[in-house]
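>>> Please work out how this folds:
(one chain, ligands or ions: 2)
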Amino acid sequence: MNYNSERKNVLITGSKSQLAQCLFDIKDQYPDFDFDFTSSEELDISNTKEIEDYFDKVSYDIVINCAAYTNVELAEKESKKAFMVNAIGVKNIAEACKKNDATLIHISTDYVFDGKKETPYTEEDLPNPINEYGKSKLEGEKEILKILDKYFIIRTSWLYSKYGHNFFKTILRKSRTEKQLTITASETGTPTNAHDLAKFILEIVSSNSSDYGLYHYSNLGEATWHDFAEEILRASGKLSEIKLEKTDNYPTFAVRPKYGVLSKEKTIKVLKNTILHWKDSLRNLHSIN
Ligand SMILES: NC(=O)C1=CN([C@@H]2O[C@H](COP(=O)(O)OP(=O)(O)OC[C@H]3O[C@@H](n4cnc5c(N)ncnc54)[C@H](OP(=O)(O)O)[C@@H]3O)[C@@H](O)[C@H]2O)C=CC1
Ligand SMILES: Cc1cn([C@H]2C[C@H](O)[C@@H](COP(=O)(O)OP(=O)(O)O[C@H]3O[C@@H](C)C(=O)[C@@H](O)[C@H]3O)O2)c(=O)[nH]c1=O
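Residues are numbered from 1 along each chain as shown. Ligands and ions are numbered 1, 2, ... in the order given. As a prediction, the model looks like this:
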């Protein structure tokens, strides 16, 4: 790659993640930056040596870490793997950022909370994860706090897009073959369109903000997974064809927080962005597909 020293170099890890693919879609709107997208095969964040070698090749100004172990169910069985990526991998990246004076933009999750609150979680609320994925993501956050000053940790929730594996795609896929869907109504949170999050991240990058710290970002409003499924089916014109049932005990390995709505107050005030309601953003996704 031909890097121009006056431009800023941005490393994006986990290029096959749904978030990185959404970043890729809009990168041309940010012509002042050179983006380097790396997959897990090209750069394994849990491999300290690989990270060091990668940073020796190019001087990165910004790193957007989209690489993560995100299988909430499997993490209960292979928690070592989850910690290897979500804690050790993040530590490796933070140390490389420190050494190279780069700013780290890292994505975390509503699953760091135990879900016992009944009002939106603020950045001041104490995390208390109840599953292995959430625990590993919290360890990653702690590594960053220990190592770096120049960081943005963005906690988000219920990410979906046309890419990768997510609840939105699962519902659309099931709706093609099943006449009835049974969806939990015992967990409340906020769906987040990964395109909106990608745009939010690149606005932080292009604004050159030094308001470093921890931020919550999701779409606005709240929903149960059942509400989300209903809206997905409505937006895709399939609601009348499917019998949509509510349940309070959908069987899973991992326990999930009952409530994970994130307060966006700090994000809106400090980073001055506007955020769409989750239903409006979901409809946008349908209209672009
Ligand atoms: N999905 C969601 O609902 C939510 C996600 N988040 C967070 O947002 C971020 C992006 O999530 P999302 O877009 O859904 O991610 P995905 O699950 O779509 O993708 C994760 C990516 O990380 C890559 N990866 C895994 N291990 C490594 C490794 N050791 N080195 C390099 N890359 C690796 C995977 O590569 P490969 O495919 O090759 O294994 C995969 O492409 C993550 O930090 C996640 O924790 C937060 C809240 C909600
Ligand atoms: C597929 C399906 C799931 N469910 C339930 C299971 C679970 O309680 C809930 C959500 O299911 P999923 O397993 O798709 O979602 P899950 O993997 O828990 O999603 C989470 O992913 C990680 C990465 C995050 O960071 C979180 O913010 C969140 O988005 O819906 C049903 O009730 N019926 C169904 O048909």
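
>>> Up against ligand 2, what does the stretch 1-150 of the chain have?
70, 72, 109-111 (C-beta under 6 Å from any ligand atom). For glycine as for every other residue, the C-beta is placed from the backbone atoms N, C-alpha and C.

>>> can you map out the helices along the stretch 151-289 of the chain?
Assignment of helices within the stretch 151-289 of the chain using DSSP state H, counting those that start in this stretch yields the ranges 167-177, 194-207, 225-235, 265-271, 278-288.

>>> weakest of the ones you listed in terms of mean pLDDT?
With a mean of 83, helix 278-288 has the lowest mean pLDDT of the helices of the stretch 151-289 of the chain.

>>> quick one: buried residues of the strand or helix carrying Ile93?
Assigned by DSSP states H and E, Ile93 falls within helix 90-100. Along helix 90-100, these residues count as buried under the neighbour rule (16 or more other C-beta atoms under 10 Å): 90-98.

>>> who touches Lys8 in this structure?
Going by C-beta atoms under 8 Å, 6 or more residues apart in numbering, Lys8 touches 32-34, 61-62, 205.

>>> In strands, which of those fall?
33-34, 62 (DSSP state E).

>>> Between which two of the residues of the stretch 1-150 of the chain next to ligand 2 is the distance greatest?
Thr70 and Asp110 (13.0 Å; C-beta to C-beta).

>>> who has more neighbours, the two?
Legend: neighbour count by other C-beta atoms under 10 Å for Thr70 and Asp110, higher for Asp110 (25 against 20).

>>> what's near enough to touch the more buried one?
Contacts of Asp110 (C-beta under 8 Å, 6+ apart): 121, 155-158, 189, 218, 257, 260-262.

>>> what do you get for Lys135?
79, 83, 129.

>>> Could you check the helix or strand that contains it and say which residues are buried?
Following DSSP H and E, one finds Lys135 within helix 132-147. Going by neighbour count (16+ other C-beta under 10 Å), the buried part of helix 132-147 is 132-141, 143-144, 147.

>>> now those as CSV including distance to Ile26?
Shown next, in CSV, are the buried residues of helix 132-147 (distance: C-beta to C-beta, whole Å):
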residue, distance to Ile26
Glu132, 33
Tyr133, 27
Gly134, 29
Lys135, 32
Ser136, 29
Lys137, 25
Leu138, 29
Glu139, 30
Gly140, 25
Glu141, 26
Glu143, 29
Ile144, 25
Ile147, 29
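
>>> hang on, the earlier thing: can you give the distance from the helix holding Lys135 to the centre of its chain?
14 Å (C-alpha atoms, centre = their mean, to the nearest Å).

>>> Next, the angle from it to helix 90-100.
In terms of direction (axes from the mean of the first three to the mean of the last three C-alpha atoms, to 10 degrees), helix 132-147 departs from helix 90-100 by 20 degrees.

>>> For the helix or strand bottoming out on mean pLDDT in the chain, list every residue counted as buried.
Least confident element among the helices and strands of the chain, by mean pLDDT, DSSP states H and E: helix 278-288 (a mean of 83). For helix 278-288, the neighbour count (16+ other C-beta under 10 Å) marks 278-279, 281-282, 285 as buried.

>>> which residues touch that helix?
160-162, 168, 190-193, 195-196, 218-221, 223, 228, 231-232, 235-236, 276.

>>> can you check stretch 202-212 too?
Stretch 202-212 has contacts (C-beta under 8 Å, 6+ apart) with 8, 10, 23, 26-27, 29-30, 32-33, 62, 64, 103, 105, 149-152, 270-271, 273.

>>> Now the buried members of those residues.
8, 10, 23, 27, 30, 33, 62, 64, 103, 105, 151-152, 271.

>>> So which of those are in strands?
8, 10, 33, 62, 64, 103, 105, 151-152.

>>> Can you tell me which residues in this protein are near ligand 1?
13-14, 16-19, 39-40, 44-46, 66-70, 85, 89, 107, 109, 137, 156-159, 164, 166.

>>> Show the buried residues in those.
Buried among those (16+ other C-beta under 10 Å): 13-14, 17-19, 40, 44-46, 66-70, 85, 89, 107, 109, 137, 156-159, 164, 166.

>>> Let me have the buried residues of helix 278-288 in CSV, adding distance to Tyr250 as columns.
As requested, the buried residues of helix 278-288 are exported to CSV (distance: C-beta to C-beta, whole Å):
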residue, distance to Tyr250
Trp278, 21
Lys279, 23
Ser281, 25
Leu282, 21
Leu285, 24
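
>>> ok, of those, which one's closest to Gln180?
For the buried residues of helix 278-288, the nearest to Gln180 is Leu282 (21.9 Å; C-beta to C-beta).

>>> returning to what we had before: select from the contacts of Asp110 the one having the most neighbours.
Ranking the contacts of Asp110 using other C-beta under 10 Å puts Ser218 first, with 29 neighbours.
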